[in-house]
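Peer 1: I'll drop the sequence and a predicted model, then ask my questions.
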Amino acid sequence: MDIQTHLGKLRLHGMYQCWQTLEETRKLHELSLSDGMALLLQSEDDQRTNRRFDRLIRGAQFRYQASIEELELSGARGMDKSIIARLATGDYIQKGESVLVTGATGCGKSFLASALGHQACSQGFKVQYHNVQKLFLKMKMARVDGSIFKSLDKLNQTDLLILDDFGLTQLEQQQRYDLLELIEERHSKKSTIISSQLPVANWYHVIGDETIADAILDRLIHTSHRVELKGESMRRKKL
């Protein structure tokens, strides 16, 4: 059995493709053993990294396939370059800090949240993106079929949880408890991004219970990075 066949049998696909390329370009015998091995190992590592990134992206289910490079960084829009650069490092995820993104409809909140999530995936973090209303509906259904604890555990284990469009409607009692449990479990351990059309000061009304609102916001605000987007709707600009 030749080397390339062995590589395929062992599922070393990066090394397999690299070996094939070296043979096709007739460079295989030009390399020393150490240089050739280094090239093969690097190819395998690169392919595994790319496959993991693809899996993380598919699993996150972002609203937009966005990236940090695509963001329109402008102080006038509230998109401070230094803040975005700091968030792009992923350090806030390692520290379990939250990111609160607010602004009017269409100003780019979901796009920014998706871009930060995309960046997190490229750094190897597990990310989940959820529209808040749809998430609460899924959790309600999970209570009916008995899978709620499994659903909550999956949410709590993800490195970065993105909750988009928070505050469109006032929370029901069970939704308040669910949100409190999520934030409590993730506090200082896992990172959460929340985007909303409403200023953070108005979130008390959305949560609807002063005691629960205090508990949730106390855990979110004190370790949060704040991005307050401004300006006209980006959607209107494209029309």
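Peer 2: Looks like it arrived, so ask away. Numbers count the residues shown, from 1 in each chain.
Peer 1: what's the distance between residue 90 and residue 188?
Peer 2: To residue 188, residue 90 is 16 Å away according to Cβ to Cβ, to the nearest Å. All C-beta spots, glycine's among them, are computed from the backbone N, C-alpha and C.
Peer 1: between those two, which is the more surrounded one?
Peer 2: residue 90 (19 against 11; other Cβ atoms under 10 Å).
Peer 1: how about that one, what does it touch?
Peer 2: By Cβ atoms under 8 Å, 6 or more residues apart in numbering, residue 90 lies in contact with 119, 120, 123, 125.
Peer 1: next: residue 187.
Peer 2: Contacts for residue 187 were tallied using Cβ under 8 Å, 6+ apart; they are 96, 219.
Peer 1: for this structure, longest helix please?
Peer 2: The residue-count maximum for a helix in the chain (DSSP state H) belongs to helix 33-60.
Peer 1: other SSEs contacting that helix?
Peer 2: helix 13-24, helix 109-122, strand 127-131 (3 or more Cβ pairs under 8 Å, 6 or more residues apart in numbering; DSSP states H and E).
Peer 1: okay, these in JSON lines with mean pLDDT next?
Peer 2: Below are these laid out as JSON lines (pLDDT from 0 to 100):
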{"stretch": "helix 13-24", "mean pLDDT": "74"}
{"stretch": "helix 109-122", "mean pLDDT": "94"}
{"stretch": "strand 127-131", "mean pLDDT": "96"}
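Peer 1: most tightly surrounded among these?
Peer 2: helix 109-122 (a mean of 24; mean count of other Cβ atoms under 10 Å).
Peer 1: give me the angle between that one and helix 33-60.
Peer 2: Here helix 109-122 runs at an angle of 150 degrees relative to helix 33-60 (axes from the mean of the first three to the mean of the last three Cα atoms, to 10 degrees).
Peer 1: quick one: contacts of helix 109-122?
Peer 2: Helix 109-122 is contacted from outside by 53, 56-57, 60, 62-68, 70-71, 79, 87-88, 90, 93, 99, 101-103, 127, 129, 159-160, 162, 164-165, 193, 195-197, 227, 229, 234, using Cβ under 8 Å, 6+ apart.
Peer 1: and the spatially most central residue of the chain, how far is that from residue 200?
Peer 2: In the chain, the centroid-proximal residue (Cα atoms, centre = their mean) is residue 117; its distance is 2.6 Å. As judged by Cβ to Cβ, residue 117 and residue 200 stand 20 Å apart.
Peer 1: check which helices and strands the host helix or strand of residue 138 sits against.
Peer 2: Using DSSP states H and E, residue 138 sits within helix 132-145. Here helix 132-145 is seen to pack against helix 148-157, strand 160-166, helix 173-186 when contacts are counted using 3+ Cβ pairs under 8 Å, 6+ apart.
Peer 1: quick one: residues contacting residue 138.
Peer 2: Residues touching residue 138, when contacts are defined by Cβ under 8 Å, 6+ apart, comprise residue 151.
Peer 1: per-residue confidence at it?
Peer 2: At residue 138, the pLDDT value in this model is 94.
Peer 1: then residue 94?
Peer 2: Note on residue 94: pLDDT of 95.
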